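> Give me the fold of what follows.
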Amino acid sequence: MSIIAAPVIHPDGTSLGALVGEVPVRHSRDGDGFLPSITLTSDFYIIDDQGAMTMSPSGEASDYHQEHLGLLDHLVQGREPGAMRHRSSTVGDHMVAFVPLMSLGGGVIFEEHDDQVLATAQRLRRTLLIMGSAAMAMASGAAWFYVRNMVQPVLTLREASNRIAEGDLHEPVTVERQDEIGDLAAAFESMRVRLLDAERKHLEWEHELENRVNAQSAQLRRLLSNVVSAQEAERKRVARELHDGATQMMTTLILQIEGMAAALPSDSRAATELAPVAKTYSMQVIEEMRRVIHDLRPPALDDLGLVAALREYAEQKFSSAHIAVEFRIVGQPVHSNDDLETAVYRIVQEAINNAASHSQATNAAVTLEFEPDRLRADVDDDGVGFILQDVLRDSLGVGLAGMFERAEALGGQLEVRSEPGSGTRVTLEVSNDTG
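Numbering: from 1, shown residues only. A predicted model of the protein is given here:
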């Protein structure tokens, strides 16, 4: 700090004293020693106790000396230091300050432009702006670093948990940290591996169980097919024995009744009443036996094939029930193996019998559709219909259950669609084995 003193001389040449001030010094950049750093004001002057100017650099008062005194009058009268802003249209806005001279009386009035007065504040503002920008940049960098190192791993864990919750267990959980988040990620990865292993074992068990069920189902179908084949063989044997044995015996009995009637007196009761009645009963027995033989094993199935046998049966059954029937063939009929044709015949036979006996229909249709690798049969009627589950629970559903069992034994599909008042459609679809 340097002390500067300047003499104060009255215009008449007499000495009024001295103006003493403290001036800070700075170190010069060129090494010439300490030099004062002084910022000169735009103007200043010294006034006495009455406010009259006693000295100024120009030696005379400025045009707005009175304006300054008006602004600073309360400071001058109170002998208190202070400053006021002077708004002037001539030289622009500037600051005016008053500093009292305690020992000499009066004081010094300084005038300074705003840019000089506010230079320090502006430098401070620029410094604060620069420091604020730097601090914001540092804060942004710190925030980015925080997000990258703290928030991002948490988001990664959340995405991993969502994938695991949705069942995606194949993408590993990768968060490389040595803190609690890293421990949590390791726990997630361990859980993912265990769940993936459990899922793999579950799938293996399901596959094994499915194979076992398929094997058991195939075995059941083979057993059922063997049972059906044995049943058909027995039906065929019984039908043949009835045809060759009992039917022939009944035919012989009729011939004997006729011979006995011829040997009796023509006017006897035995010849006129008993013999004709016995012959009639015997013929009825033969017709019933032929019906049973036909039901056991229709000769047309062995002699003419599936189409002719079903046509004959459908026309017979629906005619007796007074139901008009339409028999349709789609495609070129081909001969399948005997077991397949027999099973298809029995299923369609049961559907025709149910429609003729229970549907109360007016019209019915039987359709056989042949394709190179598939056989489809449909039996439709416009009868009263029924609720399938109710019929299956009733004793009347035994025939339907048998139809489903036969279709399953064939490896085919049987569909029964019916609603009360809307008729019934039975559809059978099987692979057409022409072997």
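> Can you pull the phi/psi pair for Met55?
Main-chain torsions, Met55, degrees, to the nearest 10: phi -170, psi 140.
> Against Ala321, how distant is it?
Separation of Met55 from Ala321 (C-beta to C-beta, to the nearest Å): 145 Å. No exception for glycine: its C-beta is placed from N, CA and C like everyone else's.
> Please apply the same query to Ala142.
Counting by C-beta to C-beta - Ala142 and Ala321 are separated by 94 Å.
> out of these two, which sits in the busier spot?
Neighbours were counted for Ala142 and for Ala321 using other C-beta atoms under 10 Å; Ala321 has more, 18 against 10.
> which residue ranges form the helices in the chain?
65-78, 114-117, 119-146, 152-165, 180-241, 247-263, 269, 275-296, 299-303, 306-320, 338-358, 388-393, 398-410 (DSSP state H).
> just those helices: most buried one?
For the helices of the chain, average neighbour numbers computed from mean count of other C-beta atoms under 10 Å are highest in helix 338-358, which has a mean of 21.
> Let me know the pLDDT of the most centrally placed residue in the chain.
Centroid-nearest residue in the chain: Glu166, 9.1 Å away (criterion: C-alpha atoms, centre = their mean). On the pLDDT scale, Glu166 is placed at 80.
> and if you look at Val344?
90.
> go on, Ala52?
Looking at Ala52, the pLDDT reads 77.
> again, but for Ala361
93.
> go on, the one 5 residues further on?
The confidence metric pLDDT takes the value 95 at Val366.
> Thr156 and Leu124, how far apart?
45 Å.
> cool, Asn337 as well?
Relative to Leu124, and taking C-beta to C-beta, Asn337 is found at 108 Å.
> now swap in Ala215 and tell me
92 Å.
> do the same with Asp197
68 Å.
> just Gln389 next, same as before
From Gln389 to Leu124 the distance is 93 Å (C-beta to C-beta).
> Could you find the closest non-adjacent residue to Ser56?
The shortest distance from Ser56 to any non-neighbouring residue, by C-beta to C-beta, 6 or more residues apart in numbering, is to Tyr45 (3.5 Å).
> Identify the bridge partners of the one you found.
Ile109 (DSSP bridges).
> Same question for the one 10 residues further on.
On the basis of DSSP bridges, Met55 is bridged to Ile46.
> How is the chain divided into domains?
2-120, 304-435 (automatic domain parsing).
> Out of those, which gets the lowest mean score?
Here the domains of the chain differ in mean pLDDT, and the lowest is domain 2-120 at a mean of 65.
> Not counting sequence-adjacent ones, nearest residue to His86?
Leaving aside its sequence neighbours, His86 sits nearest to Val96 (C-beta to C-beta, 6+ apart; 4.9 Å).
> wait, doesn't the one you found sit right on Leu72?
Yes: here Val96 reaches Leu72: they are 6.3 Å apart, a contact under C-beta atoms under 8 Å.
> between the two, what contacts are shared?
Common neighbours of Val96 and Leu72, counting by C-beta atoms under 8 Å, 6 or more residues apart in numbering, are 84, 109.
> ok, now how distant is Arg125 from Glu405?
98 Å.
> er, Ser229 actually
Applying C-beta to C-beta to Ser229 and Glu405 gives a distance of 13 Å.
> Likewise for Glu208?
In terms of C-beta to C-beta, Glu208 sits 27 Å off from Glu405.
> And Lys236, by the same measure?
For Lys236, the distance to Glu405 - C-beta to C-beta - is 20 Å.
> Likewise for Asp48?
135 Å.
> What of Gly411?
12 Å.
> Ok, Leu195 next?
Leu195 is 42 Å from Glu405, by C-beta to C-beta.
> before we move on, what about Thr251?
Taking C-beta to C-beta, one finds Thr251 at 38 Å from Glu405.
> Asp267 now?
From Asp267 to Glu405 the distance is 61 Å (C-beta to C-beta).
> same deal with Thr174?
57 Å.
> count of neighbours near the residue nearest to Ser56?
Residues near Tyr45, counting by other C-beta under 10 Å: 20.
> surely it meets Ala52?
No: the criterion here is C-beta under 8 Å, and Tyr45 misses it with Ala52 at 10.3 Å.
> quick one, what contacts the residue nearest to His86?
Val96 neighbours (C-beta under 8 Å, 6+ apart): 68, 71-72, 83-86, 109-111.
> try it again with 7 Å
68, 71-72, 83-84, 86, 109, 111 (C-beta atoms under 7 Å, 6 or more residues apart in numbering).
> Who does it form a beta bridge with?
Met84, Glu111.
> residue contacts, Val173?
Here Val173 is in contact with 160, 185, 188-189, 192 (C-beta under 7 Å, 6+ apart).
> Of all the domains of the chain, which one is nearest Gln256?
domain 304-435 (31.1 Å; C-beta to C-beta).
> Find the residue closest to Gly331 in space, skipping its chain neighbours.
Phe370 (3.7 Å).
> Count residues in the vicinity of that neighbour, would you?
17.
> again with the one 4 residues further on
Neighbourhood size, Arg374 [other C-beta under 10 Å]: 13.
> Dump the domains of the chain to JSON lines, plus distance to Ala262.
Shown next, in JSON lines, are those (distance: least, C-beta to C-beta, whole Å):
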{"stretch": "domain 2-120", "distance to Ala262": "157"}
{"stretch": "domain 304-435", "distance to Ala262": "36"}
